[in-house]
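Engineer: The following block contains a protein sequence and its predicted model.
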Amino acid sequence: MILEHAWLTVTKGREAEFETEMAKAFAIIESASGCHGAEVRRVVESPNYVLIVKWESVEAHMEGFRTSELFEAWRAATHHFYSEKPYVIHYAEPIQR
């Protein structure tokens, strides 16, 4: 399991609209093969957001979801709110204790 972390910079003044539409858009991404859940959190110190998605693998995200019609629906529902291109990074399993 990996985590996708996407930094989302929402156009100032569109935060409430973004949050409403994002709540609906979860159904799109969470229906993708290899997706094990998603959440978006607002950054306390700024008007930015972080998208956190649990994926089976990087390939499930990049080669599965990102090349699918689901991604096009996700993009249509969410990307017009961003003032900058999302910054996306993937994290491996946590270090064991």
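Structural biologist: Done, it's in.
Engineer: Give me the most central residue, the protein.
Structural biologist: In the chain, the centroid-proximal residue (Cα atoms, centre = their mean) is L51; its distance is 4.0 Å.
Engineer: Strands along the protein, start to end?
Structural biologist: Using DSSP state E, the strands of the chain run over 2-9, 35-42, 48-55, 87-91.
Engineer: Tell me how far A27 lies from E21.
Structural biologist: Counting by Cβ to Cβ, to the nearest Å, the gap from A27 to E21 is 12 Å. (Each C-beta comes from the backbone N, C-alpha and C, glycine too.)
Engineer: ok so, going back, can you redo the strands of the chain as TSV with mean pLDDT and distance to S68?
Structural biologist: Below are those laid out as TSV (pLDDT from 0 to 100; distance: least, Cβ to Cβ, whole Å):
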stretch	mean pLDDT	distance to S68
strand 2-9	97	15
strand 35-42	98	11
strand 48-55	98	13
strand 87-91	97	16
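Engineer: Tabulate these (a markdown table), appending distance to R97.
Structural biologist: Shown next, in a markdown table, are the strands of the chain (distance: least, Cβ to Cβ, whole Å):
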| stretch | distance to R97 |
| --- | --- |
| strand 2-9 | 18 |
| strand 35-42 | 22 |
| strand 48-55 | 20 |
| strand 87-91 | 17 |
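Engineer: Good, wrapping up.
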